[in-house]
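*Asks:* I would like the atomic coordinates for the input below:
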Amino acid sequence: MDKNKWQEMQRRIEEAGEKLTRSMTMSRETRRQILAQRARQLAWTEIKQEEKGPPLEVVEFRLADETYALECRFIGEVYPLKALTPIPGAPAFVLGIIDIRGRIVSVVDLKRFFDLPGKGLSNRARVIVLRDGDGGMEFGILAEEAPGTTSIPAGELQPPPPTLTGIRAEYLEGIAKNRLIVLDAAKLLADEKIVVNQEMEI
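*Replies:* Residues are numbered from 1 along each chain as shown. I've put the predicted structure just below:
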C-alpha cells in the first residue's frame, strides 16, 4: 500500500476513535445531568408535600350508595346500631337515642337531613359518634356501614363543584379521589338544626 494512503487511513482511524471517545464522554455527561435533574425534581416534590401538611385521616361510611367521610379527630367511636329508642316530637331526621355504656346519645339520619333516597338497614349499620374538641356537643350519625379509616394525601381534597347545590353542599369540606365525599364535622356539630334539646332526650 502507498505510504501516503496508509498515513491517511491511520489519520481517519484516529479521528474516528476521537469522535467515538467524545460521543461516549458526552453520553455519560448527559446521563449524569439527567440523573441530577431527576434528583432535584424528586427533592422538590418532597418539599412541596411537606409544605401541604400531613394527610387527612378520615372514617369512611356509606349512605344511599355513596361513600362519605368524617375527620377522625371529631369521632369518639363507631358503635353498632342496637336498642334505638324513638324521641316523641323530635324532627324526622332524628331517629332516637341509644345507650352507649350508660351515656345517652341521640342518633341523626343524614339521609333524611340531606334528603337522600332511603335504603333499608342491615346488621352492618353503625352509629358514628361525633364529638367536639371540648368534650361538649355529642351525637351519633347513622351509617349503613362503616368500612374503616383511610388517609387522604395532603392537597388531594378538592372543593365541591359549583354545580352542587342544596343542603348537602353547605356541609361539604371537599371531595377526594374515587368520589369520596368529606363532610365538615365541625359545621355539623355546631348546627343548631341538628342539635337535639337535652331535656327532650331524658
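*Asks:* And for the residue nearest to P147 when sequence neighbours are not counted, the neighbour number?
*Replies:* Distances taken as CB to CB, 6 or more residues apart in numbering place E60 nearest to P147, at 5.2 Å, with adjacent residues excluded. Where C-beta positions appear, they are placed from N, C-alpha and C, glycine not excepted. A total of 18 residues lie near E60 under the criterion other CB atoms under 10 Å.
*Asks:* what's the answer for I128, then?
*Replies:* Neighbour tally, I128, other CB under 10 Å: 24.
*Asks:* what's the distance between it and L63?
*Replies:* To L63, I128 is 11 Å away according to CB to CB, to the nearest Å.
*Asks:* surely the residue nearest to P147 meets C72?
*Replies:* No - E60 sits out of contact with C72 when judged by CB atoms under 8 Å, with a separation of 10.7 Å.
*Asks:* With just CA atoms, put stretch 121-128 into PDB.
*Replies:* Extracted in PDB, the C-alpha atoms of stretch 121-128 (Å, rounded to 0.1, in the frame of the first residue of the first chain):
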ATOM      1  CA  LEU A 121     -80.600  -1.200  57.200                       C
ATOM      2  CA  SER A 122     -78.600  -4.400  57.700                       C
ATOM      3  CA  ASN A 123     -76.600  -5.800  60.500                       C
ATOM      4  CA  ARG A 124     -73.700  -3.700  59.200                       C
ATOM      5  CA  ALA A 125     -75.400  -0.500  60.300                       C
ATOM      6  CA  ARG A 126     -73.300   1.600  62.600                       C
ATOM      7  CA  VAL A 127     -73.600   4.800  64.700                       C
ATOM      8  CA  ILE A 128     -70.600   7.200  64.200                       C
END
